[in-house]
Each structure stands twice: as structure tokens, then as C-alpha cells.
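Engineer: I would like to see how this sequence folds:
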Amino acid sequence: MIEERRAWKALGALSLGLFVTLLDQSLVAVALPAIRADLGATLNQSVWVSAVYLLTFAVPLLITGRLGDRYGQRNVYLVGMAVFTLAAAACVFAPSIEWLIVARAVQGFGGSLLNPQPLSIIHRIFAHDRRGAATGVWSAVASSAGLFGPVIGGMLVGWISWRAVFLVYVPLGVISLVMVARYVPKLPTGTSKIDWLSGAVSLLAVLGIVLALQQGPELGWGPLVWASLIGGIAGVVLFVWMQTKSKAPLMPLRLFQTHNFAIGAFSIFGLGFTVYSVNLPIMLYLQTAQGLSSQLAGVMLVPMGIISVVMSPLVGRLVDRLAPGMISRVGFATMIGSMSLMVVMMVSNVSPWWIVIPIVLLGASNAMCFAPNSATALRDVPQDLVGSASGFYNTSRQVGAVVGAATLGAVMQMAVGTVSFGVAMGLAIAVTLVPLACGLFAVTRFK
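Structural biologist: Numbering: from 1, shown residues only. As a prediction, the model looks like this:
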């Protein structure tokens, strides 16, 4: 551990890059209608602009978390931010939708390299009784990034163009590189091997599942789609079996002997599924079904981001004092209420201004879910497993985001043309109630 004042500076430096990579997942959602019109993309292609980023972001996380242990979290973070920034520059000048999708895949991989590192560093530089407060800041960044994306994106798209959405990453990426190089300390590294074969199996497993969910509506759910889905599920089973045999597992099974980690890793899947996927149907609903401009649609989500940012650090401090799971239960219940209310309003086609109510509730529930879940899940993980724990925890969140984006995208594509556009968006959001209910049940088991 280092002196606490320096630890907070390091956290601030890391949080900027974390904010930028997670901001992307909602920022680009606002630009999709403009991208689709400008580049002549189909609905499926435009969805892939977001989905491919989530895919290449999520799949390597088990490996990139271990890379931080072996080569240094600071070093891997810097490489990841450099890749992310260069790929963002390539997106700015994309001449076609295919070019843009490829550049987005590279950008997602850069985000995957840097994303697990902050949580590992927090648990190495902060004292045990300060990790709740530090994780609260991390959670404020992780949860609010997705909420501010539509606001910033709406303004950039409306005032300049969709290309400005990617251009803004370049200076922010450079600033992050300089700050991390200056403030984040070099920490001791391990020498453990990396199970690349397991990593390849996890990649193919998630790829098979996401491809099936994403392409099913377009291909008519034929034999190839079902083969992809079944193959992906079989890949997950094979990956878990391989972890029991590997001498250097990417997912050490003794991680799950820490009861609260097992609960937290399960429940974060539901949060990732919901928080990082609902922005697309919300923004499409406001802009297409209700006819709002991208700027006004973005402004409507401002209360969500502000509430989440203000509440998260406060909630993080409470986590150090209250019984585990108390705040999480309230948070999950509030998020379920928010999503349910949003579904009713979209299906009923009420005035778009009523949507502000569930938006406010979503901001509050974000703060009450992310910070307590992260702090409780990782607080008691053995020190030698922190890197693996951070990698798996982030993987669970991001795989949730990938599956959520693919699932909601599939529902939207199947529903559009069958029911009204507003009802289609409401049906997509209704899907999130299932993983949220499972998450609520899980956090009642925190000890």
C-alpha cells in the first residue's frame, strides 16, 4: 500500500480512462441513427457498431486481467489506452460501415486491456477499511459513464456530426495516458503463466452465443444460428471444465470459495445486461417514436447521470459501515421498478416527459447497485487472487452487457414491423426484468 493521498491521485488518473471506455457504450448509441443514414447501413449493421465493441471488450477480460498481474497493471493500462485512442481516430475517418465496425472491434480490445486494471490497483494501494470509499468512486465512474453518454453524444451529433463522437476520445485518451504515467505507481508483478487455450475457448464460446442472438432475426433462426448458439453454450461448459484441470486457470475455482465474490459476480451480470443495453432502445424511442432531436433526447437523461455521480461515493462510504447487501437489495428493487415503469410508459405512448420519472429512479438505483456490489464482492478476496477476481468480475459485467445488447437488439428487430415502434422498444426493455430479478435474489444472500 502507498500513502493515501497519492493513492487518491492514482485513482483519479485511472478513472478518466475508465470513464472514457465505458462512456463509449452509451455515447455511440445516440449516434447510430445518424451513422445509419450517413453510411447507408442496415439496422443490423448499425447495431453491430455497438455490439462488436462490447464483444471485443468483454471476451478478452479474463486474459487481460491476468496480463496486469504478470506485466504490471500500469503498463497494460497504458498499452490499452494507446490502442483505444488510435482506433477512435480511425473511426473518425471511416468511409464505410464495414470500416467503422472493424475499427470499433480494435477499439473494444483496447478498452478490454485497460478496464480490469483500476479495480486490481484499488485493492493493492488502499487500506482494507478504505476500499469501500475508493470502490464507491470507481463505481460512480463505471455506472455514470453509461448515463452521461446519451447527453454528450446528443450534443455532439446534433451540433457537429456523428464523427465528433469518436473525435472526442482522442484528446481525452492522450490526457489519460499522461496522467496515468505520472500518478499511478509501478507495483510488483507476478510470474504466473497464462492459459491461452482456455482464453481461446472462452472467446469462441461467447462469440457463438452473441452471433446467434445478434444474427438470428436477420437469418430467420435457421440451423446455422442454432448451431452457433448450442456451440457457444457447449464452449462455456468446456471452459469451466478446463479450469478444473489447468495449472494456471483464468478463472481459479477457489475464487468462489469467497461467498460474497460468488454472489457479486453473479449479480453484476444482471446489472451489465441492463445498464449498458437500455440506452439504445431509450434513445431510439425518444428520437424515432417521439420525434425528439438528439440534443433534447440526451438532455432528458441528464438527471440520471447527476444523481448517480452524486450518490455513488456516498453509498460507497456507507458500505464500509452497514451490513453487506442492505443497500444492494434496495438498489436492485428500485431498478426493477424503474424498468417496469419505463415499459408501461413506452407501450402506453405517453408524453415523453413522463420518462424522466423512471430515468431519475434509474440514476438512483445505479448508485445503490454498483458501489455496494463491487465493494462487497471483492473486499475479502485473497490478495493473490485479486487480479483474477477483477478480471472475472469485469468479464461478468461486460458479458452481461454483450448478451444484453444482443438480446435487446434481437427483440427490437423482431418486434419492429409487427407492433408500433414505441411498443417494440418497450418490449425490448421488458427483457431486462428477468436478469434484474435474479440479481435481486442473489444479493439477498450477501453475508
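
Engineer: Break the chain into its domains for me.
Structural biologist: Domains of the chain are assigned by automatic domain parsing as 4-194+250-443, 195-249.

Engineer: Dump those into TSV; add mean neighbour count and mean pLDDT as well.
Structural biologist: Bear in mind the C-beta positions are built from the backbone N, C-alpha and C, glycine included. Shown next, in TSV, are the domains of the chain (neighbours: other Cβ atoms under 10 Å; pLDDT from 0 to 100):
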stretch	mean neighbour count	mean pLDDT
domain 4-194+250-443	21	80
domain 195-249	17	81
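
Engineer: Contact partners for residue 252?
Structural biologist: When contacts are counted by Cβ atoms under 8 Å, 6 or more residues apart in numbering, residue 252 touches 243, 385, 388.

Engineer: give me that answer again for 10 Å
Structural biologist: 243, 246, 382, 384, 385, 388, 389, 392 (Cβ atoms under 10 Å, 6 or more residues apart in numbering).

Engineer: And for residue 284?
Structural biologist: Contacts of residue 284 (Cβ under 10 Å, 6+ apart): 29-30, 32-33, 43, 297, 412, 416, 421-422, 424-425, 428.

Engineer: How far does the helix or strand hosting residue 371 sit from its chain's centre?
Structural biologist: In the assignment (DSSP states H and E), residue 371 maps to helix 356-378. How far helix 356-378 lies from its chain's middle: 14 Å, per Cα atoms, centre = their mean, to the nearest Å.

Engineer: Helix 356-378 and the next helix or strand after that helix, what's the angle between them?
Structural biologist: Per DSSP H and E, the first helix or strand lying C-terminal to helix 356-378 is helix 386-415. Counting by axes from the mean of the first three to the mean of the last three Cα atoms, to 10 degrees, helix 386-415 lies at 150 degrees to helix 356-378.

Engineer: counting contacts, what elements does the helix or strand following helix 386-415 pack onto?
Structural biologist: Next in sequence after helix 386-415, counting helices and strands by DSSP H and E, comes helix 421-430. Packing partners of helix 421-430 (3 or more Cβ pairs under 10 Å, 6 or more residues apart in numbering; DSSP states H and E): helix 279-284, helix 326-348, helix 386-415.

Engineer: Just the C-alphas of helix 421-430, formatted as CSV.
Structural biologist: C-alpha atoms of helix 421-430 as CSV (Å, rounded to 0.1, in the frame of the first residue of the first chain):
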residue,chain,number,x,y,z
PHE,A,421,-42.1,1.3,-32.8
GLY,A,422,-42.7,2.5,-29.2
VAL,A,423,-44.2,-0.8,-28.2
ALA,A,424,-41.2,-2.6,-29.8
MET,A,425,-38.8,-0.5,-27.7
GLY,A,426,-40.9,-1.2,-24.5
LEU,A,427,-40.8,-4.9,-25.1
ALA,A,428,-37.1,-4.8,-25.5
ILE,A,429,-36.6,-3.1,-22.1
ALA,A,430,-39.0,-5.6,-20.5
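
Engineer: one step back: how about the contacts of residue 252, which pair is most distant?
Structural biologist: Greatest spatial distance among the contacts of residue 252 (Cβ to Cβ): 246 and 382, at 18.2 Å.

Engineer: Am I right that residue 276 is in contact with residue 406?
Structural biologist: No. With contact defined as Cβ atoms under 10 Å, residue 276 does not count as touching residue 406 (11.5 Å).

Engineer: Mutual contacts of those two, please.
Structural biologist: Common contact partners of residue 276 and residue 406 (Cβ under 10 Å, 6+ apart): 50, 54.

Engineer: Residue 24: which element?
Structural biologist: Per DSSP H and E: helix 4-39 holds residue 24.

Engineer: Tell me which other helices or strands the helix or strand just after that helix touches.
Structural biologist: Next helix or strand after helix 4-39 toward the C-terminus (DSSP H and E): helix 43-58. Identification of packing neighbours for helix 43-58 by 3+ Cβ pairs under 10 Å, 6+ apart yields helix 4-39, helix 73-92, helix 97-114, helix 196-219, helix 279-284, helix 386-415.

Engineer: re earlier: helix 97-114 and the helix holding residue 24, what's the angle between them?
Structural biologist: Using the same axes, to 10 degrees, helix 4-39 lies at 170 degrees relative to helix 97-114.

Engineer: How far away from the center of its chain is helix 4-39?
Structural biologist: That offset, for helix 4-39, works out to 10 Å (Cα atoms, centre = their mean).

Engineer: what inclination does it have with respect to helix 43-58?
Structural biologist: When the same axes, to 10 degrees is applied, the directions of helix 4-39 and helix 43-58 differ by 160 degrees.

Engineer: With distance to residue 375 added, can I get the helices and strands packed on helix 43-58 in a markdown table?
Structural biologist: As requested, those are arranged in a markdown table below (distance: least, Cβ to Cβ, whole Å):
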| stretch | distance to residue 375 |
| --- | --- |
| helix 4-39 | 14 |
| helix 73-92 | 19 |
| helix 97-114 | 21 |
| helix 196-219 | 26 |
| helix 279-284 | 25 |
| helix 386-415 | 11 |
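
Engineer: how close does residue 398 get to residue 165?
Structural biologist: The spacing between residue 398 and residue 165, counted by Cβ to Cβ, to the nearest Å, is 20 Å.

Engineer: what residue lies at the spatial centre of the protein?
Structural biologist: With distances taken as Cα atoms, centre = their mean, residue 398 lies nearest the centre of the chain, 4.8 Å away.

Engineer: what about dumping the CA coordinates of stretch 288-298 to PDB?
Structural biologist: Extracted in PDB, the C-alpha atoms of stretch 288-298 (Å, rounded to 0.1, in the frame of the first residue of the first chain):
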ATOM      1  CA  THR A 288     -37.900   7.900 -33.600                       C
ATOM      2  CA  ALA A 289     -41.200   7.200 -31.800                       C
ATOM      3  CA  GLN A 290     -41.500  10.600 -30.100                       C
ATOM      4  CA  GLY A 291     -39.600  12.700 -32.700                       C
ATOM      5  CA  LEU A 292     -37.200  14.500 -30.300                       C
ATOM      6  CA  SER A 293     -33.900  15.800 -31.500                       C
ATOM      7  CA  SER A 294     -30.700  14.000 -30.400                       C
ATOM      8  CA  GLN A 295     -29.800  17.000 -28.300                       C
ATOM      9  CA  LEU A 296     -33.100  17.100 -26.400                       C
ATOM     10  CA  ALA A 297     -33.200  13.300 -26.000                       C
ATOM     11  CA  GLY A 298     -29.700  13.500 -24.500                       C
END
